[in-house]
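**Q** no sequence for this one, just the structure:
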DNA sequence: CAAATATAGATTGTATACAACTTAATTTTA
DNA sequence: TAAAATTAAGTTGTATACAATCTATATTTG
């Protein structure tokens, strides 16, 4: 899957995990590292270096919260927001590539999510 | 998934990718690195260090082939073969953990394999 | 047959994952 | 309220993945 996304994301200078972070932030800006981690099921050990690289690329910035100085708000820069337009075609191209009928896609997604939920319950 | 396998494989002193290699060799011993890679869809960049660690643990040995000195045959040691018995319960415990009906399991597996085949075609 | 090409593994460099630990800050609780 | 327990990020160490490259060997071609 990563390989298939590859050529598409290369033009955006994003890796696949970086793209996932961008998807989360394009939908809801200014989330804490923890909130991003909950949505992507990644912990700070993965996200901290990932976000650091993305910050270095100028895609986002991090601000320590006044309300809770343990938390860090991750927000998109103008450049990060601008990239959204460039990335709009990605899901469509991938959907086309995968050659799945809407119905099959939804079924597969739901089955994987159910399995994921079961695994989370076991690992809790 | 790796987390759920974790406790089971820990008793065998195997990581999940290492367990996958053992499954392949328990089924068919003495395969080349390339053949193992084809079955697991892993390249030598991943397998070489993985196999080296497993060799260091005494699970397998590598022999350069006389018939083609580019190839290396990977074979289980007595210890590697003996581990098969210890690992027999793993699939059953996992099947139980996943809480999937036979029918749902087969459907999910087949859908994922179909998607994987489509991706391979695209990435070819 | 000799040069060009291809192949199998190993190595190098980059990018995740994640457990375990550390630090700083916030809650809980005795 | 002061000590204990929790929590959010970040750091460290280990283990994959995989592209690109390297080396040695084998196969193909002109």
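**A** Noted; the coordinates are in hand. Just so you know, these numbers come straight off a predicted model, no measurement behind them.
**Q** hey, let's count contacts and neighbours off CA atoms from now on
**A** Fine.
**Q** Tell me, what's the model's pLDDT at residue A:121?
**A** Looking at residue A:121, its pLDDT is 86.
**Q** relative orientation of the top helix by length along chain A and helix B:102-123 in degrees?
**A** Longest helix in chain A, counting residues (DSSP state H): helix A:102-123. Relative orientation of helix A:102-123 versus helix B:102-123 (axes from the mean of the first three to the mean of the last three Cα atoms, to 10 degrees): 120 degrees.
**Q** Helix A:102-123 vs DNA strand C: in contact?
**A** No - Helix A:102-123 lies apart from DNA strand C when judged by Cα under 7 Å from any atom of the strand; the minimum separation is 8.5 Å.
**Q** Could you pull out the buried residues of that helix?
**A** Applying a neighbour-count criterion of 16 or more other Cα atoms under 10 Å in any protein chain shown, one finds A:105, A:108, A:111, A:115, A:118-119 buried in helix A:102-123.
**Q** That helix and chain B, any residue contact?
**A** Yes - counting by Cα under 8 Å from any Cα of the partner chain, chain B is contacted by helix A:102-123 at A:108, A:111-112, A:115, A:118-119, A:122-123.
**Q** contacting residues for the most centrally placed residue in chain A?
**A** By Cα atoms, centre = their mean, the mean C-alpha position of chain A lies nearest to residue A:20, the distance being 1.9 Å. The neighbourhood of residue A:20, defined by Cα atoms under 8 Å, 6 or more residues apart in numbering or on different chains, consists of residue A:40.
**Q** Against residue B:10, how distant is it?
**A** From residue A:20 over to residue B:10 the distance is 31 Å, taken as Cα to Cα, to the nearest Å.
**Q** ditto for residue A:2
**A** On the measure of Cα to Cα, residue A:2 and residue B:10 end up 29 Å apart.
**Q** How about residue A:33?
**A** Using Cα to Cα, residue A:33 is found at 30 Å from residue B:10.
**Q** coming back round to it: okay, and the residue nearest to the centre of chain A sits in which element?
**A** For residue A:20, the host element (DSSP states H and E) is helix A:16-27.
**Q** Can the helix or strand just after that helix be said to contact DNA strand C?
**A** Following helix A:16-27 in sequence order, the next helix or strand is strand A:31-32 (DSSP H and E). No - legend: contact between strand A:31-32 and DNA strand C by Cα under 7 Å from any atom of the strand is lacking; minimum distance shown is 13.9 Å.
**Q** quick one on the thing from earlier: reformat the residues of helix A:102-123 next to chain B as JSON lines; add distance to DNA strand D.
**A** Putting these into JSON lines (distance: Cα to the nearest atom of the strand, whole Å) gives the following:
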{"residue": "A:108", "distance to DNA strand D": "20"}
{"residue": "A:111", "distance to DNA strand D": "21"}
{"residue": "A:112", "distance to DNA strand D": "18"}
{"residue": "A:115", "distance to DNA strand D": "18"}
{"residue": "A:118", "distance to DNA strand D": "20"}
{"residue": "A:119", "distance to DNA strand D": "17"}
{"residue": "A:122", "distance to DNA strand D": "18"}
{"residue": "A:123", "distance to DNA strand D": "16"}
